[in-house]
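# Sequence and predicted structure are below.
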Amino acid sequence: MTLCSFLKLDPAYRDYVWGGEKLRPGFNPTAEAWVVWEEDTIHAGPLAGLTLGEAAARYGGTLLGARPVSRTGTRFPLLIKLLDCAQWLSLQVHPDDKLALELEGPGQFGKTEAWHILEAEPGAKLIAGFQPNTSAETVAEAIRNQTIIEHVRYAAVGQGDTVFMPAGTLHALGPGLLVYEVQQTSDWTYRVYDWGRPQTEKRPLHIEKSIRATRPDFTAPIVPMPAYGDGTSHTLVGCDYFTLDLLSASTQPIDLDTRGESFHAITVIEGKASLMADGERVDLERFQTAVVPASLGAYRFEPQVACRALKSSV
Ligand SMILES: [Zn+2]
């Protein structure tokens with residue numbers, strides 16, 4: 001069996017207090033658009049009305065590809081969000097697969113993630129890891145007495161920068177950033193510090209689990225945008241859990257192929273593009289996303305105007 005349609009998704013939105021107005025004009029604050037999520041609904045075509053997770057469970061490797069199925073079964077393995085940050089987000093850390101299993105139980109996964117900066121106001125910063133030579137004892141004590149912020153490493157970032165954060169990396173996004181975030185599908189986020197905001201049932205701190213999960217020696221480098229030409233694809237991040245590629249085109253199309261190995265999730269971040277395969281076509285505006293089923297095979301990324309897109313796969 002093959003699936004030969006592009007699956008355009010309807011994103012889910014989150015209106016957390018720290019959001020802005022870039023992702024969904026007229027709805028302020030909109031903090032997050034979950035552009036690839038197992039509960040997003042497929043917008044059109046033969047699978048219209050199913051959620052991505054339902055389609056993955058029903059079609060398995062046909063949709064997901066051989067590689068993700070061999071690792072995580074028929075659960076959709078990635079979550080992709082766009083985040084519009086008008087304030088500091090909580091300082092957080094995620095367990096790795098092994099620790100998630102130990103702390104949260106059977107069938108639970110850790111979370112490795114990456115950020116690609118879509119827009120950055122002048123002076124915008126994020127936190128990724130610690131200052132050099134910060135010891136495990138210092139980290140544990142500073143998480144307990146809520147002085148951790150004195151030991152973190154702030155990094156100035158600009159449009160096009162990429163940050164890869166293996167599970168265990170302490171991190172937070174700062175105000176003035178619009179970000180594409182790709183991560184393992186996992187429910188486990190440990191909140192280390194929340195800038196003195198009151199702890200509530202929905203926003204508790206996770207002190208002891210944070211200490212277990214945090215790696216004092218992890219400091220994520222900021223990788224600048226590669227030089228790119230017309231009709232090119234560049235790999236920004238490659239890891240065990242996902243590969244993130246930047247597609248750039250103004251007049252030249254890019255030929256791509258899933259080869260049955262993994263689905264591709266394409267999100268346009270600038271301009272406008274179409275995906276085309278035998279008799280199939282989907283048009284994507286800025287911030288719109290389509291999942292290309294692994295069984296679809298060869299297809300073409302065709303720019304309508306100068307455009308850039310991000311492609312995530314497993
Ligand atoms: Zn995170």
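In hand now; what should we look at?

# contacts and neighbour counts: CA atoms only from here.
Fine.

# What are the boundaries of the strands in the stretch 201-314 of the chain?
For the stretch 201-314 of the chain, the strands defined by DSSP state E, counting those that start in this stretch occupy 222-223, 232-238, 243-249, 254-257, 264-270, 273-277, 280-284, 289-292, 298-303, 307-313.

# So which of those strands is nearest residue 34?
strand 289-292 (10.1 Å; C-alpha to C-alpha).

# So which elements touch that closest one?
strand 7-10, strand 264-270 (3 or more C-alpha pairs under 8 Å, 6 or more residues apart in numbering; DSSP states H and E).

# got TSV for the ones you listed, with distance to residue 258 too?
Converted to TSV, the helices and strands packed on strand 289-292 look like this (distance: least, C-alpha to C-alpha, whole Å):
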stretch	distance to residue 258
strand 7-10	14
strand 264-270	7
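
# got those strands as JSON lines, with mean neighbour count columns?
Below are these laid out as JSON lines (neighbours: other C-alpha atoms under 10 Å):
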{"stretch": "strand 7-10", "mean neighbour count": "24"}
{"stretch": "strand 264-270", "mean neighbour count": "23"}
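
# Reformat the ones you listed as JSON lines; add mean pLDDT and distance to residue 47.
Output for these, formatted as JSON lines (pLDDT from 0 to 100; distance: least, C-alpha to C-alpha, whole Å):
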{"stretch": "strand 7-10", "mean pLDDT": "96", "distance to residue 47": "8"}
{"stretch": "strand 264-270", "mean pLDDT": "98", "distance to residue 47": "16"}
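
# To residue 18, which of the ones you listed lies closest?
Per C-alpha to C-alpha, nearest to residue 18 of the helices and strands packed on strand 289-292: strand 264-270, 21.4 Å.

# Provide the strand pairings for the closest one, with the direction of each partner.
Strand 264-270 pairs in its sheet with strand 289-292 (antiparallel), strand 307-313 (antiparallel), by DSSP bridges.

# so which of those strands is the most packed in?
strand 289-292 (a mean of 26; mean count of other C-alpha atoms under 10 Å).

# got the strands paired with strand 264-270 as TSV, with distance to residue 120 and mean pLDDT columns?
Shown next, in TSV, are the strands paired with strand 264-270 (distance: least, C-alpha to C-alpha, whole Å; pLDDT from 0 to 100):
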stretch	distance to residue 120	mean pLDDT
strand 289-292	22	98
strand 307-313	17	98
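
# To residue 39, which of the strands of the stretch 201-314 of the chain lies closest?
Nearest to residue 39, of all these, is strand 289-292, at 13.5 Å by C-alpha to C-alpha.

# Which among the helices and strands packed on strand 289-292 is found nearest to residue 28?
Of all the helices and strands packed on strand 289-292, it is strand 7-10 that lies closest to residue 28, at 18.9 Å by C-alpha to C-alpha.
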